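Engineer: model this:
(2 chains)
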Amino acid sequence: AQRVTQPEKLLSVFKGAPVELKCNYSYSGSPELFWYVQYSRQRLQLLLRHISRESIKGFTADLNKGETSFHLKKPFAQEEDSAMYYCALSAASNTGKLIFGQGTTLQVKP
Amino acid sequence: DTGVSQNPRHKITKRGQNVTFRCDPISEHNRLYWYRQTLGQGPEFLTYFQNEAQLEKSRLLSDRFSAERPKGSFSTLEIQRTEQGDSAMYLCASSFAQGGYEQYFGPGTRLTVT
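Structural biologist: Residues are numbered from 1 along each chain as shown, chains lettered A, B, ... in the order given. Got it, this is the predicted structure:
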């Protein structure tokens, strides 16, 4: 079964501290992994995808197929990073449908 | 084009009533997705269209739910005989028809069934 697990509902850090939001997935094929973000009162939007291998707003995520993980990291958290973060998987069936994790609220305190 | 739009933004209905939601995707996008999100959970896939064809439906989509996308433009999601368990945020997203392309989400329609 295809599944995405985000073990932390809430992650609270101080400004300037490193951040790691965990994501583990279950999928037998070659998945495409994404991180979506939802800021307060805004719609869900793509933050980054593993195939791009890029850093967006200082965030990076590396796909680890051995550990079936796609953790999101940022070395120095900013207050504006406070938001809900969702990890999502797209199966390689070309439907594009996304399977989301439960989400992690990141709270960056001043 | 200001992105994906959804109407209404909020809907309160009594149990047993029918409701219909509308989604207008980004005009160049030929794929359109519906998701449902309940409190404390991530969005769950319901169904998707490529142009006017409905290509996949989730088991979550009971026979009380029906979705259409006439002419491959806007889409409607209808729920018949609503139940309290249908209360959720209904999200629409659109994208190009290639796997891996970014899905752009609408603001959602929040349904409350009393």
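
Engineer: drop to CA atoms for contacts and neighbour counts, all remaining ones
Structural biologist: Noted.

Engineer: Surely A:Glu20 is in contact with A:His71?
Structural biologist: Yes. Contact criterion C-alpha atoms under 8 Å: A:Glu20 and A:His71 qualify, at 6.6 Å.

Engineer: Between these two, which has more neighbouring residues?
Structural biologist: Each of A:Glu20 and A:His71 has its neighbours counted (other C-alpha atoms under 10 Å in any protein chain shown); A:His71 has more, 19 against 16.

Engineer: Give me the neighbour count for the closest residue to that one other than its chain neighbours.
Structural biologist: Leaving out its chain neighbours, the residue that sits closest to A:His71 by C-alpha to C-alpha, 6 or more residues apart in numbering or on different chains is A:Lys22, at 4.5 Å. Using other C-alpha under 10 Å, A:Lys22 is surrounded by 18 other residues.

Engineer: A:Lys22 touches A:Lys74, doesn't it?
Structural biologist: No. Using C-alpha under 8 Å, A:Lys22 makes no contact with A:Lys74, being 12.0 Å away.

Engineer: what separates the worst-scoring helix or strand of chain B on mean pLDDT from the chain centre, distance-wise?
Structural biologist: Taking mean pLDDT, DSSP states H and E as the measure, chain B has strand B:53-57 as its least confident helix or strand, at a mean of 91. Mean C-alpha position of strand B:53-57 versus that of the full chain (C-alpha atoms, centre = their mean, to the nearest Å) differs by 13 Å.

Engineer: Now the element after the helix or strand harbouring A:Leu46, going C-ward?
Structural biologist: Assigned by DSSP states H and E, A:Leu46 belongs to strand A:45-49. Using DSSP H and E, the helix or strand that directly follows strand A:45-49 along the chain is strand A:60-61.

Engineer: Can you name every helix or strand that that next one contacts?
Structural biologist: When contacts are defined as 3 or more C-alpha pairs under 8 Å, 6 or more residues apart in numbering or on different chains; DSSP states H and E, strand A:60-61 packs onto strand A:72-74.

Engineer: what pairs with the strand it packs on, and is each one parallel or antiparallel?
Structural biologist: Its sheet considered, strand A:72-74 pairs with strand A:19-21 (antiparallel), strand A:60-61 (antiparallel) by DSSP bridges.
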